[in-house]
Structures are given as structure tokens and as C-alpha cells.
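A.B. asks: just coords:
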């Protein structure tokens with residue numbers, strides 16, 4: 001696809017965002033037209049005054065001069081008001097369009113599955129949702145204005161200049177297509193450069209984010225110099241791209257100035273030649289020079305705007321790339337709400353692999369879990385324990401087979417209703433930057449203070465929360481850094497208590513805790529799991545001795561199944577794992 005067709009396609013993609021603001025846009029363009037009238041009228045006033053002065057000085061009366069002056073002052077007042085509207089309401093319209101696009105961008109990101117985030121850098125997305133969309137704001141406001149104003153000036157100038165001298169007008173306008181063709185070549189190179197610079201700043205943002213989030217590891221290993229060197233390399237790559245872009249911009253602007261000069265000297269020289277035989281009057285000649293100045297100002301503004309235009313087009317292109325990514329896990333057409341869940345879960349001939357060509361993590365698995373049953377999953381790494389649990393809330397979709405909840409295929413119900421009935425407590429607890437109250441209330445948006453406190457008490461968190469200076473309003477820091485591992489885990493448990501789901505997934509929830517914290521958290525987890533269908537992934541085998549059923553998962557599937565005592569008596573793989581663990 002040619003660049004012109006691609007740009008046209010991107011503009012068509014962008015145009016619907018103007019729909020909500022079409023009245024503002026129309027008024028903005030009317031104001032743009034009014035400001036253009038002032039620039040076009042001034043040469044005509046000068047032409048009238050100069051013409052009378054050269055032909056009959058007596059005709060240049062004080063009354064005529066005052067009328068022209070008053071008329072132009074009125075036009076200038078109109079121009080000032082119109083320009084104010086363009087600068088304020090026009091920019092606000094651009095900011096609203098940016099907000100709408102950012103809303104659509106973030107909403108789309110929420111729909112994308114774990115598969116997408118497994119292979120995407122968050123820093124790159126942050127660059128797209130900030131820098132790229134800011135460029136689109138400027139583009140959305142200035143693009144209609146600049147092209148509309150330039151169009152009026154060029155067409156009006158051509159018509160008015162033709163009334164003065166057709167041959168000279170044709171000479172002047174013959175230069176413009178040559179100028180456009182030469183500058184278009186630089187525009188294409190500029191767009192390519194801007195796109196590369198956007199990619200590089202995204203990579204740089206991602207690298208900075210990764211380094212700062214892992215700052216404790218960096219300092220623990222004394223790797224500050226290594227991180228600085230890594231950053232310097234990325235920074236240098238970005239600088240190289242920026243230098244290329246500015247080099248092209250320099251060539252672009254230099255060519256513009258060259259054509260600017262050529263246009264002026266053509267008018268001056270050719271106009272002077274037409275003056276000799278009387279083919280053009282002195283008044284027309286002066287007006288011609290002013291009109292050409294107006295014309296060249298318009299061309300220069302378009303040329304200067306082309307940089308912003310290319311930035312905007314690059315932003316729209318990168319915005320469209322994300323929105324074109326279709327989520328691989330969506331609600332089926334006509335999906336129903338999952339209600340009154342009892343908690344029976346069945347895996348029927350389920351197979352799963354993360355990517356095409358990769359080995360299946362789970363193969364032909366059959367499993368039925370009764371409502372309220374406690375299932376523990378153990379086994380070596382890579383056996384599919386976490387994967388199996390991730391399939392229940394449809395974080396990933398099965399490659400083959402079906403999973404049902406209370407006999408209903410989970411693909412036939414809405415994702416929202418499915419996930420609202422499942423609570424997860426993971427090893428890596430994520431707390432949002434904010435207060436403890438806000439983090440617990442994440443489990444139920446409309447929760448009252450009493451409900452939040454009750455959930456915290458059930459999770460064994462109320463005591464340490466109340467001991468903090470600000471209690472439930474205490475700030476947890478980014479990712480909960482102000483709290484200990486055990487405290488964070490108990491807040492995450494309180495969050496699930498508040499959600500009160502019938503199905504529970506505990507993914508190595510205590511494996512990163514010290515013995516005292518593990519004891520407290522384990523007590524909370526046992527209370528949380530009571531009466532719920534529970535899947536527990538555990539490496540600490542002593543924590544799952546009371547499970548109703550223990551499944552030993554390996555690459556071959558479910559190797560063993562039974563209670564703790566039953567599996568020990570079999571003296572199989574579980575017995576070996578338990579022996580190794582207790583010896584450690």
C-alpha cells in the first residue's frame with residue numbers, strides 16, 4: 001500500500017472521533033475563515049490606496065483613509081475574537097479527542113488476554129498511551145485548521161491575482177507543484193524517522209521501568225554501573241534516530257526557504273518587467289507582493305505543520321496497531337450470566353499448549369471436582385499446576401476439550417460473571433498504590449467500612465492494620481512496598497473474603513513467607529477455603545495434608561490421586577516428594 005493510501009486510511013480511521021465535537025469543529029473552521037479574511041483584505045486596501053495615489057493623488061481623501069482604517073480595525077477585532085476561540089475551544093476539542101482515544105485504548109488493553117501481556121513490554125504501551133496520543137491532540141486540532149486556512153488562502157489568492165495579471169499568476173503557481181513534489185520526498189523520510197523514534201522511546205521507557213521496578217535487586221547485586229551502561233546504549237540508539245530525524249527536518253526546512261526565495265524573486269523580477277509596458281499597475285504590483293507574502297506564509301505553515309502532521313499520523317498508526325489486535329478470549333455471542341454457583345468443576349478431555357508448535361502442557365485431562373471439595377495440586381515444576389488453575393477463569397483458553405462449572409461450559413458464559421465467582425490468592429501479591437482500605441475494597445466496589453473491617457478480621461489483618469498510624473487509611477506504597485510479605489498476603493486474602501466467591505484458587509500463597517507469617521496466613525486461608533470449592537497449588541506439602549483430594553501432576557498428567565494418608569501408603573511419587581520435603 002502506498003504512503004498516500006495508508007495516510008488516507010488512517011485519517012478515515014480517525015475521523016469518527018470528530019463526530020461528538022462536530023459543532024465545535026464547524027465553529028472552529030468558521031473562525032479560521034474569518035481570520036483568513038483579514039489577511040486577504042489588507043492587500044486589497046493597500047492596492048486601493050496605492051492605485052489612487054499613483055493615478056490621482058486628489059482621490060486619496062482623508063475620509064477614504066479613515067473608512068479603510070475603521071474597516072480594517074473592525075476586521076482585526078473579529079480576527080482577535082475568532083483567534084481566541086480557535087486557541088481555546090479548538091485546543092479543548094483536541095484534548096477531549098485525546099481523552100476519548102485514551103479511553104478506547106485503555107478499554108481495549110483491558111480486553112486483551114494474558115497471552116498478549118506475556119510477550120509485550122508495559123513501558124512500550126505506556127509510551128503509546130502518553131506521547132503518541134499527545135501528538136494526536138495537536139494533530140486533531142491543527143490539522144483541519146491549517147489545511148482549511150491554506151486552502152482558502154491559496155484559492156482566494158489565485159482568483160484575486162488572476163484579476164490583476166494572469167501570466168504572472170500562472171508563473172508563480174507553476175512553482176508550487178515542483179515545491180510540493182520535492183518536499184513530499186522529505187515528508188516520507190520524516191514519517192519513517194518519527195516512527196523509529198517512537199519505537200525507540202518506547203523501548204527506552206520499558207527499560208527504565210524494568211530497572212526501577214527492580215531497583216532493590218540492582219542494589220543488592222551492586223549492578224548500578226551495569227544498568228547505567230544498558231541505559232546509555234538504549235539512550236544512544238534513541239539519540240541516533242533523533243539525529244537522523246532532525247537532519248531530514250533541516251533539509252526539509254532549507255528546501256522550503258530556498259523555494260520561498262525563488263518565489264519572491266520571480267514576483268519581483270517578472271512583476272517589474274510587466275510594469276514597464278504597463279501590463280500591471282503600481283497598485284497591483286504592491287498588492288501582488290503582499291498576496292505572495294500571504295501565499296508563501298500559508299505554504300510555509302503547511303510545510304512547518306507537516307512535521308506535526310507526520311507525528312500525528314505516526315501516533316494514529318501506532319494507536320490503530322493496538323486496537324487492531326483482537327483479544328483471543330472473548331464472550332461468545334449470546335453468552336449468559338453465571339449465577340447461583342454451587343462450585344462443581346469438570347475438566348473433560350482438556351488439552352492446552354501456550355503456542356503453536358510447542359509441547360502440550362496439559363494433555364487429555366479428565367477431572368471432576370465436587371462442590372465445596374478441597375483439591376491440592378502438587379508435583380514437579382512444569383507439570384501444569386498453575387496452567388490448570390489459569391484455565392478455570394479463562395485466563396487462557398483450552399486447546400481442546402471443555403471445562404464446566406455446575407455443568408455449564410465456561411465458554412458459554414460471560415467472562416465477567418465467571419471471574420466474579422472465582423477468587424485467587426497468589427504467591428506474588430499485587431497491591432495497588434493507595435490505602436489499605438482501597439486495596440481491600442477492590443474485592444467489592446460498594447463495600448461499606450464495616451464489611452471491609454469484617455473481611456480484614458477474617459483474614460487476620462485487622463490487628464496489624466489498626467496498629468498502623470493511619471489505620472485503614474495507611475498508604476501501602478507502590479506494589480505494597482510499605483508492608484511485609486505476610487501483611488500484603490493477608491490484605492489480599494481480605495480482598496477475597498470481601499469478594500466472597502464460591503470457587504477459590506490458592507497459587508502457592510504461602511511459599512514466599514517466613515514460618516511465623518506462614519502460620520498466620522495459613523490459618524486465614526483455611527478459614528477462607530471453608531465451604532468453597534478450592535484448588536491449592538503448594539510446594540510446602542505440610543500445608544495441604546488436610547485436603548479432600550491431592551493430585552500429583554507431572555508431564556504425563558495426573559500420576560496419583562487420593563488423600564494424604566492414602567498417597568503415603570502407596571509409596572509412589574507423592575510419598576517420595578513428601579519424604580524429600582520433610583528431610584529438608
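C.D. replies: Cool, the structure landed. Note that the coordinates shown come from a computational prediction; the quantities given were computed from them, not determined experimentally. Residues are numbered from 1 along each chain as shown.
A.B. asks: could you pull out the helices for the stretch 101-250 of the chain?
C.D. replies: 114-118, 122-127, 133-164, 166-213, 215-220, 224-275 (DSSP state H, counting those that start in this stretch).
A.B. asks: quick one: low-confidence parts of the stretch 251-400 of the chain?
C.D. replies: 303-304, 307, 356-357 (pLDDT under 70).
A.B. asks: Strands of that one, residue ranges please.
C.D. replies: Secondary structure of the stretch 251-400 of the chain, counting by DSSP state E, counting those that start in this stretch: strands at 345-352, 362-369, 374-378, 400-405.
A.B. asks: For residue 445, find the nearest of the ones you listed.
C.D. replies: The minimum distance between residue 445 and the strands of the stretch 251-400 of the chain falls on strand 400-405, with 23.3 Å, by Cβ to Cβ. Any C-beta I mention is one placed from the backbone N, CA and C, and that applies to glycine too.
A.B. asks: got the buried residues for that closest one?
C.D. replies: Buried residues in strand 400-405, counted by 16 or more other Cβ atoms under 10 Å: 401, 403, 404, 405.
A.B. asks: Tabulate these in CSV, adding columns for pLDDT.
C.D. replies: Shown next, in CSV, are these (pLDDT from 0 to 100):
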residue, pLDDT
401, 92
403, 93
404, 93
405, 92
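A.B. asks: phi, psi of residue 430?
C.D. replies: Main-chain torsions, residue 430, degrees, to the nearest 10: phi -110, psi 120.
A.B. asks: Kindly provide the distance from the spatially most central residue of the chain to residue 7.
C.D. replies: Using Cα atoms, centre = their mean, the residue of the chain that lies closest to the mean C-alpha position is residue 129, 3.1 Å off. Going from residue 129 to residue 7 by Cβ to Cβ, to the nearest Å gives 23 Å.
A.B. asks: thinking again about what came up before, which of the helices of the stretch 101-250 of the chain has the lowest average pLDDT?
C.D. replies: Ranked by mean pLDDT, these bottom out at helix 215-220, which scores a mean of 72.
A.B. asks: quick one on the thing from earlier: the residue nearest to the centre of the chain and residue 204, how far apart?
C.D. replies: 16 Å.
A.B. asks: Likewise for residue 375?
C.D. replies: Residue 375 sits 45 Å away from residue 204, going by Cβ to Cβ.
A.B. asks: Which of those two has more residues huddled nearby?
C.D. replies: residue 375 (22 against 18; other Cβ atoms under 10 Å).
A.B. asks: Who does that one form a beta bridge with?
C.D. replies: Under DSSP bridges, the beta-bridge partners of residue 375 are residue 535, residue 549.
A.B. asks: thought it was touching residue 553?
C.D. replies: No - in this structure residue 375 lies outside contact range of residue 553 using Cβ atoms under 8 Å: 10.9 Å.
A.B. asks: Quick check: chain neighbours aside, which residue is closest to residue 501?
C.D. replies: In space, and not counting its chain neighbours, residue 501 is closest to residue 423: 3.9 Å by Cβ to Cβ, 6 or more residues apart in numbering.
A.B. asks: now what about the helix or strand where that neighbour lies, what contacts it?
C.D. replies: Taking DSSP states H and E as the criterion, residue 423 maps to strand 422-426. With contact meaning Cβ atoms under 8 Å, 6 or more residues apart in numbering, strand 422-426 is reached by 392-393, 443, 489, 492-493, 496, 499-501, 503-509, 525, 528, 532.
A.B. asks: which neighbours does it have in its sheet, and in what orientation?
C.D. replies: According to DSSP bridges, strand 422-426 forms sheet pairs with strand 503-507 (parallel).
A.B. asks: before we move on, the earlier item: can you tell me which two in the buried residues of strand 400-405 are farthest apart?
C.D. replies: 401 and 405 (14.5 Å).
A.B. asks: Distance to residue 292 added to the helices of the stretch 101-250 of the chain, as a markdown table?
C.D. replies: Output for the helices of the stretch 101-250 of the chain, formatted as a markdown table (distance: least, Cβ to Cβ, whole Å):
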| stretch | distance to residue 292 |
| --- | --- |
| helix 114-118 | 54 |
| helix 122-127 | 43 |
| helix 133-164 | 8 |
| helix 166-213 | 7 |
| helix 215-220 | 60 |
| helix 224-275 | 5 |
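A.B. asks: which one of those helices lies closest to residue 380?
C.D. replies: helix 114-118 (22.0 Å).
A.B. asks: Just the buried residues of that closest one, please?
C.D. replies: Across helix 114-118, burial judged by 16+ other Cβ under 10 Å covers 115, 116.
A.B. asks: possible to save the buried residues of strand 400-405 as TSV with distance to residue 366?
C.D. replies: Output for the buried residues of strand 400-405, formatted as TSV (distance: Cβ to Cβ, whole Å):
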residue	distance to residue 366
401	8
403	11
404	12
405	16
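A.B. asks: Tell me the one among these nearest to residue 117.
C.D. replies: residue 403 (21.8 Å).
A.B. asks: now that closest one, which residues is it bridged with?
C.D. replies: Here residue 403, judged by DSSP bridges, has bridge partners residue 347.
A.B. asks: surely it meets residue 348?
C.D. replies: Yes - Residue 403 is within contact range of residue 348, at 7.4 Å (criterion: Cβ under 8 Å).
A.B. asks: Run through the residues that contact residue 451.
C.D. replies: Residues in contact with residue 451 (Cβ under 8 Å, 6+ apart) are 444, 498.
A.B. asks: Check for me that it belongs to a helix.
C.D. replies: Yes - with DSSP: H, G, I helix; E, B strand; the rest coil as the criterion, residue 451 is assigned to a helix.
A.B. asks: Near residue 223, how many other residues are there?
C.D. replies: 15.
A.B. asks: Angles on the backbone of it, please.
C.D. replies: Taking degrees, to the nearest 10 as the convention, residue 223 sits at phi -100, psi 30.
A.B. asks: From residue 227, how far out is the residue lying closest to it once chain neighbours are set aside?
C.D. replies: Setting aside the residues directly before and after it, residue 223 is nearest to residue 217 in space (Cβ to Cβ, 6+ apart), at 7.8 Å. Going from residue 217 to residue 227 by Cβ to Cβ gives 10 Å.
A.B. asks: With residue 312 instead?
C.D. replies: Looking at residue 312 against residue 227, where the rule is Cβ to Cβ, the gap reads 34 Å.
A.B. asks: now do residue 523
C.D. replies: 41 Å.
A.B. asks: likewise residue 175?
C.D. replies: In terms of Cβ to Cβ, residue 175 sits 54 Å off from residue 227.
A.B. asks: Neighbour count: the two, which is higher?
C.D. replies: When neighbours are counted by other Cβ under 10 Å, residue 175 and residue 227 differ, and residue 227 comes out ahead with 19 against 14.
A.B. asks: How about that one, nearest residue that isn't a chain neighbour?
C.D. replies: Leaving aside its sequence neighbours, residue 227 sits nearest to residue 211 (Cβ to Cβ, 6+ apart; 5.0 Å).
A.B. asks: circling back: next one: the residue nearest to the centre of the chain relative to residue 106, how far apart?
C.D. replies: Residue 129 is 7 Å from residue 106, by Cβ to Cβ.
A.B. asks: Repeat that for residue 186.
C.D. replies: Residue 186 sits 35 Å away from residue 106, going by Cβ to Cβ.
A.B. asks: From the chain's centroid, how far away is the host helix or strand of residue 551?
C.D. replies: Assigned by DSSP H and E, residue 551 belongs to strand 549-554. Distance, stretch centre to chain centre, for strand 549-554: 41 Å (Cα atoms, centre = their mean, to the nearest Å).
A.B. asks: Give the buried residues for the helix or strand just after it.
C.D. replies: Counting by DSSP H and E, the next helix or strand C-terminal to strand 549-554 is strand 557-562. For strand 557-562, the buried set under the neighbour-count rule, 16+ other Cβ under 10 Å, comprises 557, 558, 560, 562.
A.B. asks: Check stretch 515-522 too.
C.D. replies: For stretch 515-522, the neighbour count (16+ other Cβ under 10 Å) marks 517, 518, 520, 521, 522 as buried.
A.B. asks: so what's the last one up against?
C.D. replies: By Cβ under 8 Å, 6+ apart, the residues touching residue 522 are 510, 543.
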